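In: The sequence isn't on hand, but the structure is:
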């Protein structure tokens with residue numbers, strides 16, 4: 001048994017509730033006579049858990065923060081709280097002394113008015129309590145440690161019970177999860193007392209037993225509102241400055257590039273509201289590929305409070321192209337109407353056949369108003385993204401079944417059948433009064449296959465196209481992008497002349513049907529690959545001729561899904577009930593099957609849309625470059641034919657293959673050396689072999 005310097009403090013060795021025998025429980029006022037065990041030892045300074053040990057002189061901490069936290073935990077368990085009193089600093093050690101005292105230590109200073117009269121102060125809780133823990137820092141072997149040099153646990157006031165000590169200001173903490181909930185309820189209009197009641201109900205605790213008081217909630221909400229207001233003021237100033245800087249950049253770009261266009265609006269206070277811009281390349285591209293546009297308005301800048309919208313398209317090589325951008329103050333029909341009007345102005349009045357956009361009622365109304373002759377389409381992926389969040393709560397475990405029914409409903413091609421199945425689905429799931437169901441039904445002509453089928457989409461309402469949009473945004477946005485940097489990054493993305501050219505890829509024949517070979521010489525690889533896939537699938541169908549030159553096309557495995565193909569021989573027109581050509585501009589497998597059995601060696605010219613042809617490219621070249629392109633194309637086709645024949649013949653035997661590999665390498669090296677020895681320029685217009693035959 002060992003007596004420590006502290007007053008009447010003895011330590012009995014006993015296993016701590018944490019399970020570690022190196023931890024000790026403290027007992028004050030234990031003497032040798034009344035000790036239940038002679039096994040009394042000093043506290044272990046290396047203990048991993050000291051939650052039950054009363055601080056003592058000589059106790060060691062790694063940092064002063066650790067000491068303050070430890071003393072604070074001890075104080076809470078013993079019915080009081082603490083605060084930091086004084087600290088001392090030296091040039092060599094920095095802060096080398098810390099004084100922690102009871103929250104009732106000392107006496108409150110008397111405040112005086114300017115005229116010398118005393119304030120009528122509230123009663124102070126300070127009563128000169130002498131409970132304290134003083135620390136001093138020492139550095140040994142380059143490592144600093146904090147030692148307790150004075151400790152007193154003698155109070156001149158009553159210590160509080162657990163249900164009272166939790167109400168001391170030091171322990172009334174509003175945790176982050178509760179803060180978020182409080183702010184959400186406050187924003188929804190709940191008064192403070194209702195917020196407190198709501199938190200008690202949600203946590204399942206009795207009234208008045210939250211770890212904070214109602215006035216803490218009120219102070220928190222008021223302070224947060226003040227911070228938000230200050231941040232909004234700073235944000236407003238930064239936004240205004242950055243917007244003005246962006247307009248200055250626009251003016252500079254306009255001076256350097258006359259084809260660059262931009263416009264903006266101002267509010268009643270003459271502050272910039274909405275901004276839109278486009279590029280010369282974008283306007284020229286729209287003249288070729290502006291039949292279908294996709295308007296994405298799904299991104300919003302948290303820093304600027306602006307909504308970012310982009311008009312996209314697709315070129316003949318399947319590449320995503322940008323037609324223009326807009327920054328909007330809000331998402332109202334008025335803002336969207338201005339954006340669409342400005343877009344038409346930029347595109348010289350050319351209105352698209354189809355516009356694809358998000359499911360947004362305000363945007364829908366603006367499209368109806370400004371693009372009256374344009375078909376509005378909402379892609380399926382945009383609908384499905386919302387289905388789960390809308391219906392998971394009312395449907396619960398039936399949400400999976402609902403999604404399956406909804407997908408089947410989307411595929412229905414007949415409008416009468418769609419209306420019938422829709423009513424049955426609503427009745428099945430009891431969603432007759434659901435507002436989201438009402439919204440989906442009100443815009444059904446923009447997303448249901450039975451209403452959208454046959455409108456030209458240029459393969460832009462697909463998941464693959466949506467992924468290409470995501471790739472664009474990932475390349476443009478960064479976490480701290482300012483408006484000027486953002487504009488510059490968009491400008492890089494829109495530079496068509498520096499985009500990779502997918503049209504240079506080689507396309508193999510797979511069916512060797514004359515239609516395929518002819519189509520390859522006309523269509524870009526992107527469009528040709530789509531047609532080629534339809535040709536391959538066309539082989540899986542049978543044909544039954546009916547009256548008036550029509551055919552019923554049936555898959556060899558499926559018993560349903562028949563297609564009716566009408567063939568008008570005199571006009572060389574073919575129409576299929578699936579309406580794939582009207583939607584994508586590529587003939588479907590059903591129509592191709594009929595043309596094959598009709599012994600057509602090439603498709604009628606009307607079924608090669610100009611937007612999918614090789615010659616429909618961007619940028620538009622002048623006459624000189626066009627002549628070079630024709631020469632280059634003819635030369636490349638001749639070369640391509642020779643290579644195909646050579647590869648076909650050499651693949652018959654290994655001997656042929658080895659011979660071709662050896663001789664071809666030798667000849668190519670010889671030709672390359674001779675070309676390098678020829679003059680680099682002459683007076684005759686040279687052949688532009690750098691031009692792709694598909695451009």
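Out: Structure received. Since the structure is predicted, the reported quantities are computational estimates derived from the model, not experimental observations.

In: Could you pull up the mean pLDDT of the helix ranked longest in the chain?
Out: When the chain is parsed with DSSP state H, its longest helix is helix 214-256. Across helix 214-256, pLDDT averages out at 83.

In: Give the pairing partners of the next helix or strand after that helix; include direction for each.
Out: Counting by DSSP states H and E, the next helix or strand C-terminal to helix 214-256 is strand 261-266. Strand 261-266 pairs in its sheet with strand 272-278 (antiparallel), by DSSP bridges.

In: can you give me the angle the strand it pairs with makes with helix 214-256?
Out: Calculated by axes from the mean of the first three to the mean of the last three CA atoms, to 10 degrees, strand 272-278 forms an angle of 40 degrees with helix 214-256.

In: just checking, next helix/strand downstream of strand 272-278?
Out: helix 280-289.

In: any idea how far that next one is from the chain center?
Out: The chain centroid and the centroid of helix 280-289 are separated by 28 Å, computed with CA atoms, centre = their mean, to the nearest Å.

In: Could you tell me which strands sit next to whatever helix or strand comes next after it in the sheet, and their orientation?
Out: On the C-terminal side of helix 280-289, the nearest following helix or strand under DSSP H and E is strand 292-301. Strand 292-301 pairs in its sheet with strand 306-314 (antiparallel), strand 354-357 (parallel), by DSSP bridges.

In: roughly how far out does the first one sit from the chain middle?
Out: This points to strand 306-314. The answer for strand 306-314 is 15 Å, by CA atoms, centre = their mean.

In: Identify each buried residue in that strand, please.
Out: By 16 or more other CB atoms under 10 Å, the buried positions in strand 306-314 come out as 306, 307, 308, 309, 310, 311, 312, 313, 314. Using the backbone N, CA and C atoms, a C-beta is placed for each residue, glycine as well.

In: coming back round to it: out of the strands paired with strand 292-301, which is closest to residue 660?
Out: Residue 660 sits nearest to strand 306-314 of all those, at 39.9 Å, using CB to CB.

In: Now do the helix or strand following the closest one against strand 272-278: the angle between them, please.
Out: Counting by DSSP H and E, the next helix or strand C-terminal to strand 306-314 is strand 320-328. In terms of direction (the same axes, to 10 degrees), strand 320-328 departs from strand 272-278 by 170 degrees.

In: Between helix 280-289 and strand 320-328, find me the angle.
Out: Put simply, strand 320-328 runs at 120 degrees to helix 280-289, going by the same axes, to 10 degrees.

In: Please name every helix or strand in contact with strand 320-328.
Out: Helices and strands touching strand 320-328, by 3 or more CB pairs under 8 Å, 6 or more residues apart in numbering; DSSP states H and E, are strand 272-278, helix 280-289, strand 306-314, helix 333-346, helix 463-476, helix 483-493.

In: ok, it: who's next to it in the sheet?
Out: Partners of strand 320-328 in its sheet, by DSSP bridges: strand 272-278 (antiparallel), strand 306-314 (antiparallel).

In: Give me the mean pLDDT for it.
Out: Averaging pLDDT along strand 320-328 yields 94.

In: ok, now stretch 599-618?
Out: Stretch 599-618 comes out at a mean pLDDT of 89.

In: In terms of helices and strands, where is the nearest residue to residue 128 once chain neighbours are set aside?
Out: Distances taken as CB to CB, 6 or more residues apart in numbering place residue 107 nearest to residue 128, at 5.8 Å, with adjacent residues excluded. In this structure, residue 107 sits in neither a helix nor a strand according to DSSP H and E.

In: Who are the contact partners of residue 107?
Out: By CB atoms under 8 Å, 6 or more residues apart in numbering, the residues touching residue 107 are 124, 126, 127, 128.

In: Quick one: the strands paired with strand 320-328 as a markdown table, columns for distance to residue 527 too.
Out: Converted to a markdown table, those look like this (distance: least, CB to CB, whole Å):
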| stretch | distance to residue 527 |
| --- | --- |
| strand 272-278 | 26 |
| strand 306-314 | 11 |
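
In: out of those, which comes closest to residue 261?
Out: Closest among the strands paired with strand 320-328, using CB to CB: strand 272-278, at 5.2 Å.

In: Could you tell me how far the closest one lies from the centre of the chain?
Out: Computed by CA atoms, centre = their mean, the chain-centroid distance of strand 272-278 equals 23 Å.

In: Stretch 309-329 now?
Out: So, by CA atoms, centre = their mean, the centroid of stretch 309-329 is 18 Å from its chain's centroid.

In: Start and end of that stretch, how far apart?
Out: End-to-end distance for stretch 309-329, by CA to CA, to the nearest Å: 11 Å.

In: Quick check: buried residues in that stretch?
Out: Per 16+ other CB under 10 Å, stretch 309-329 contains these buried residues: 309-329.

In: what does stretch 456-469 give?
Out: 456, 457, 458, 459, 460, 461, 465, 466, 469.

In: rewinding a little: nearest to residue 525, out of the strands paired with strand 320-328?
Out: Nearest to residue 525 among the strands paired with strand 320-328 is strand 306-314; the distance by CB to CB comes to 14.2 Å.

In: what does that closest one rub up against?
Out: Strand 306-314 is contacted by residues 239, 285-286, 289-290, 292-297, 299-301, 320-331, 339, 343, 458-460, 465, 469, 472 when judged by CB under 8 Å, 6+ apart.

In: Mean confidence (pLDDT) on it, please.
Out: Computed over strand 306-314, the average pLDDT equals 93.

In: how much does that strand deviate in direction from helix 463-476?
Out: 130 degrees.

In: report the angle between the axes of strand 306-314 and helix 333-346?
Out: 40 degrees.

In: Just put the buried residues of strand 306-314 in JSON lines and tack on distance to residue 649.
Out: Shown next, in JSON lines, are the buried residues of strand 306-314 (distance: CB to CB, whole Å):
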{"residue": "306", "distance to residue 649": "63"}
{"residue": "307", "distance to residue 649": "61"}
{"residue": "308", "distance to residue 649": "57"}
{"residue": "309", "distance to residue 649": "56"}
{"residue": "310", "distance to residue 649": "51"}
{"residue": "311", "distance to residue 649": "51"}
{"residue": "312", "distance to residue 649": "46"}
{"residue": "313", "distance to residue 649": "43"}
{"residue": "314", "distance to residue 649": "39"}
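
In: Farthest pair within the residues you listed?
Out: 306 and 314 (26.5 Å).

In: now the strands: where do they sit in the stretch 451-600 of the chain?
Out: Using DSSP state E, counting those that start in this stretch, the strands of the stretch 451-600 of the chain run over residues 541-545, 550-555, 563-568, 573-576.

In: now the ones you listed as TSV including distance to residue 591, mean neighbour count and mean pLDDT?
Out: Formatted as TSV, the strands of the stretch 451-600 of the chain follow (distance: least, CB to CB, whole Å; neighbours: other CB atoms under 10 Å; pLDDT from 0 to 100):
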stretch	distance to residue 591	mean neighbour count	mean pLDDT
strand 541-545	11	13	93
strand 550-555	9	19	94
strand 563-568	6	18	94
strand 573-576	5	19	95
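
In: nearest to residue 252, of the ones you listed?
Out: Of all the strands of the stretch 451-600 of the chain, strand 573-576 sits nearest to residue 252, with 53.0 Å by CB to CB.

In: Output the contacting helices and strands for the closest one.
Out: Using 3+ CB pairs under 8 Å, 6+ apart, strand 573-576 sits against strand 563-568, helix 589-597.

In: what's next to that strand, contact-wise?
Out: By CB under 8 Å, 6+ apart, the list of residues contacting strand 573-576 reads 553, 563-568, 587-588, 590-591, 594-595, 604, 606-607.
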